[in-house]
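Q: Quick one, fold the following:
(2 chains)
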Protein chains: 2
Amino acid sequence: MAKGASISGFPEWLPSERVVEQRVIDTLRKVFELNGFIGIETRAVETGASLLKKGETSKEIYLLSRLQEVGHESDTPIEDRLGLHFDLTVPLSRYVVEHSGDLAFPFKRWQIQKVWRGERPQEGRFREFVQADIDVIGAGDLPDHYEVELPLVMVSALEELRAFGLPKATVHANNRKLSEGFYRGLGLTDIEGVLREIDKLDKIGADEVVKLLVESCGATEDQARACLELAGLTAADGAELAAKFDDLCAAHGIAQESDAYVLARQGLDTLAMIVDEAAAIRPGSVIADLKIARGLDYYTGSVYETFLDGAASLGSICSGGRYDNLASQGNRKYPGVGLSIGLSRLVSYMLHTAGAHASRVSPAAVLVAVWNEEDRPAANRIAAQLRARGIATDVAPTAAKLGKQIKYADKLGIPYVWFPASAADGEEGAEPSGDEVKNIVTGEQVPADCTSWEPDTVVAQQSVEI
Amino acid sequence: MAKGASISGFPEWLPSERVVEQRVIDTLRKVFELNGFIGIETRAVETGASLLKKGETSKEIYLLSRLQEVGHESDTPIEDRLGLHFDLTVPLSRYVVEHSGDLAFPFKRWQIQKVWRGERPQEGRFREFVQADIDVIGAGDLPDHYEVELPLVMVSALEELRAFGLPKATVHANNRKLSEGFYRGLGLTDIEGVLREIDKLDKIGADEVVKLLVESCGATEDQARACLELAGLTAADGAELAAKFDDLCAAHGIAQESDAYVLARQGLDTLAMIVDEAAAIRPGSVIADLKIARGLDYYTGSVYETFLDGAASLGSICSGGRYDNLASQGNRKYPGVGLSIGLSRLVSYMLHTAGAHASRVSPAAVLVAVWNEEDRPAANRIAAQLRARGIATDVAPTAAKLGKQIKYADKLGIPYVWFPASAADGEEGAEPSGDEVKNIVTGEQVPADCTSWEPDTVVAQQSVEI
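A: Numbering: from 1, shown residues only, chains lettered A, B, ... in the order given. Below is the predicted model of the structure:
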């Protein structure tokens, strides 16, 4: 086979890098399950009709065609064709409706799977990557407290990843009802429009946003400045948030009896609950940040973005929110709260910026040496004994010179080389009475019995170091 | 969202079924790593050029097109388009060549991933499924002993799966060199042709195969009957295999000095080593079965198929072999030995025939009850304490009547319900002085402290039962 060329946007890890990704996945799964989330895996494909329903991202679909259909793809309408999922939310909403009779609600699920984005290839953008999602879906209704708990589950998961070099993560939360109520209180009506322009704040600056609000959303200069004041509001606890918000309402003549204020207050109460509960459990992990507007046209309540200390260029590494219109079946609605980690980008950061690396390439702790090919069955017996006791073990590929076998162990990072009695006998001058095992890092060599010997606990398992 | 329709050939497990699949994957990974195999994950796509190289299966490709390209797919030659991999061997050979400078050889890798087959939908055929593969790839050469060891790793993995209801598995091994040497010794030259017809033995019977060998492969009736005699040969140890084979050669005038016999003997010696080593480690796990011909046109040495006791209709659940022409780079060849488990089909058998099922749907061992919504933060603190001690814990979705909360736990199979002191206070007549925990299966209720209480070890973890 000719030399394969790597394909832009389809990352692939080397074995030692894959160890890091695998540990990240294992860690997230552990945290999700500790919190009572149920793991599912959905098929990689959905119908075009399902995929096309979700706004912007829908443009990035990979459609499938069987080899036999090439040239006739257009005979089938896109809605009826199959495409790869571009996130794990569209499949979840379809799964929940399809299997609603078999699920207990609220349905708390975790899902770690690959997704695909049929984008034009461009530097630094992944077209295939892994997402790690948690969501809670209610049947009919869904209590607000999940809007508090889900970001905290993600915070505790991200906290565990600090062992692999991830900086401290902070969730920035906002609430659609709070923003909408405030804008309506000001007299604005094009809520989606205002949210869209506010979302550009970090990119284009305050003056440009004001200009756009006036030009595109029918705002006066004063209304536009008031929107910016709201976007500038941050708070680490509920009382501070309420006080600041009420001051702002008073300053702009939004009466506490107005429908607009009541709506905003609903959002504010949920947001206050989030930051207060977070402060009690993990101080500094969640702040109210009222400029967060991404996805507020889609979400109906809380919205979250997560940033890493000192890694602003990464953008939000874990985003989500509450969406009351996730799915429906007849008259029944399925509201949900969820967050999604862009896992591949996170692993890439750990590997290339934080310096996370595998303690060794091979999972094996021991390499059993083979002095002559005739001794291989004996070496295999020793390996089988060690494995039966949970010690990952490899056997030398060939009965090469001992130095070459040790070099093989060294290249794979295997810390111990086991010398079967018969093998050691082959060494010039060596006459051991039984097996010996050598720690090739420390050089220490001791007599050992494969039915009882234990490796040093520090090096027994392959691990991730930073 | 409208009710999704399930798509033929794209299986999807319910949460309780997914527990079984996840445990199967975890178990295989554990066995593979105990044996020193290195885990990799390759991207889901390869170029059309790569995919089209591998004979029959190449016809079952799903090609991708970006939504923006619809209608213009044919502008790009199939070789340059991207398609989903249909197995894990094509990606492995590309990966090894692409990353050869970063790998230590022989490269022992495990890989458990989804693959896709762009077949016409038909009953009982999966178009998306999970494969679990192990392979050893050499750079330049690869010692024969891996042909012995790899099927034994798979046998030990399948042995572990018996805890989940899998019947005993037996590997049936053959060897391309043995068959080819014998056919050449008889004077036949269309080796691929003979192998193809012999592969039909179970389906069409001996007489039809003889007819085909005569008609299509230029065999005389006698030569054809001799091929069938070879196909009828089975042996559980090397001496028996050699004796039976030598008798057959003598009967058909194949001299031991002939090139043909020497080639056959090379294959025979490897096959004898496989069954003898297997008999020493796991008696009855591997037999020599000379009618195994599937893939012998592709494989260059050993070939393996694996059958389950009492599940003949499943066909081979784990197949593979040695292929000396897996990949090459300039003058350097990369020979390999590997086996692949069709994991989805296996899980389907465990679920639907063997009766494997999850001990419970939720990973949580405990549900913390909530008597009033004001008590929720206290319930969350208890849950956090239990989780910090490794006990998977959920918190009641609403402060409903206790009976309803217990029903929720029961539906998810959560064995313990935790009553925080404040919650228990709400019960009529109940005046506990502290927290209590109830095993809702046995009905036993005891005082408990979330900083020290331990669940019964049998029910602490979600497990698979049969």
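Q: and A:G321, what is it in contact with?
A: A:R176, A:G295, A:L296, A:Y298, A:Y299, A:G301, A:S302, A:V303, A:Y304, A:V337, A:G338, A:L339 (C-beta atoms under 8 Å, 6 or more residues apart in numbering or on different chains). (C-beta placed from N, C-alpha, C; glycine too.)
Q: What residue in the stretch 251-400 of chain A comes nearest to chain B?
A: Using C-beta to the nearest C-beta, the closest approach of the stretch 251-400 of chain A to chain B is made by A:D394 at 3.1 Å.
Q: Quick check: closest non-adjacent residue to that residue.
A: B:G36 (3.1 Å; C-beta to C-beta, 6 or more residues apart in numbering or on different chains).
Q: which residues touch the residue nearest the centre of chain A?
A: The residue lying closest to the centre of chain A (C-alpha atoms, centre = their mean) is A:I341, at 2.7 Å. Residues near A:I341 by C-beta under 8 Å, 6+ apart: A:L28, A:Q131, A:A132, A:D133, A:M154, A:A157, A:L158, A:I317, A:C318.
Q: Identify the residues contacting the fourth one.
A: By C-beta under 8 Å, 6+ apart, the residues touching A:D133 are A:L88, A:T89, A:L92, A:W110, A:Q111, A:I112, A:G338, A:L339, A:S340, A:I341.
Q: And the fifth one, by the same measure?
A: If you count contacts by C-beta under 8 Å, 6+ apart, A:M154 has them with A:I134, A:V171, A:T306, A:C318, A:L339, A:I341.
Q: What about these, which are in strands?
A: A:I134, A:V171, A:T306, A:C318, A:L339, A:I341 (DSSP state E).
Q: With B:V155 as the reference, measure out to the fifth one.
A: A:L339 sits 43 Å away from B:V155 when distances are taken as C-beta to C-beta, to the nearest Å.
Q: Also A:R117?
A: Here A:R117 is placed at a distance of 41 Å from B:V155 (C-beta to C-beta).
Q: Which one's more surrounded, those two?
A: Counted by other C-beta atoms under 10 Å in any protein chain shown, A:R117 and B:V155 do not tie: B:V155 has more neighbours, with 23 against 19.
Q: Correct me if wrong, but the more buried one is in a helix.
A: Yes. Residue state for B:V155 (DSSP: H, G, I helix; E, B strand; the rest coil) corresponds to a helix.
Q: thought A:A396 was touching A:V368?
A: Yes. The pair A:A396 / A:V368 is scored as a contact, 6.7 Å apart, by C-beta atoms under 8 Å.
Q: Skipping its backbone neighbours, what lies nearest A:K177 in space?
A: A:K177 sits nearest to A:G267 (C-beta to C-beta, 6+ apart), 3.1 Å away.
Q: Give me the neighbour count for the one you found.
A: Neighbours around A:G267, by other C-beta under 10 Å: 21.
Q: Give me the pLDDT for it.
A: At A:G267, the pLDDT value in this model is 95.
Q: repeat for the one 5 residues further on
A: In this prediction, A:A272 carries a pLDDT score of 96.
Q: same check, this time on A:G4
A: A:G4 is assigned 44 on the pLDDT scale.
Q: what residues does the stretch 351-466 of chain A put near chain B?
A: Contact residues, the stretch 351-466 of chain A versus chain B (C-beta under 8 Å from any C-beta of the partner chain): A:361-364, A:367, A:373, A:376-377, A:380-381, A:384, A:387, A:390-395, A:397-398, A:408, A:411-412, A:414, A:462.
Q: In strands only, show me these.
A: With DSSP E as the criterion, strands contain A:L367, A:T393, A:D394, A:V395 from among these.
Q: for chain A, longest helix please?
A: Assignment by DSSP state H gives helix A:259-281 as the longest helix of chain A.
Q: How about the contacts made by A:G71?
A: Listed by C-beta under 8 Å, 6+ apart, the contact set of A:G71 reads B:S74.
Q: Confirm it sits in a strand?
A: No. Under three-state DSSP, A:G71 falls outside any strand and is assigned coil.
Q: tell me the average confidence for stretch A:136-155?
A: Mean predicted confidence for stretch A:136-155 is 95.
Q: what about it, distance to the chain center?
A: The chain centre lies 17 Å from the centre of stretch A:136-155; the measure is C-alpha atoms, centre = their mean, to the nearest Å.
Q: and what of stretch A:346-363?
A: 16 Å.
Q: Equivalent analysis for stretch A:384-396, please.
A: For stretch A:384-396, the separation from the chain centroid amounts to 33 Å (computed by C-alpha atoms, centre = their mean).
Q: Among the residues of the stretch 351-466 of chain A next to chain B, which lie within helices?
A: Per DSSP H, those map to helices at A:R376, A:P377, A:N380, A:R381, A:A384, A:R387, A:Y408, A:K411, A:L412.
Q: sorry, back to before: among A:A396 and A:V368, which residue is more densely surrounded?
A: The neighbour comparison of A:A396 against A:V368 (other C-beta under 10 Å) goes to A:V368, with 32 against 22.
Q: where exactly do the helices run in the stretch 201-350 of chain A?
A: Taking DSSP state H, counting those that start in this stretch as the criterion, the stretch 201-350 of chain A carries its helices at A:201-204, A:206-217, A:221-231, A:238-251, A:259-281, A:343-352.
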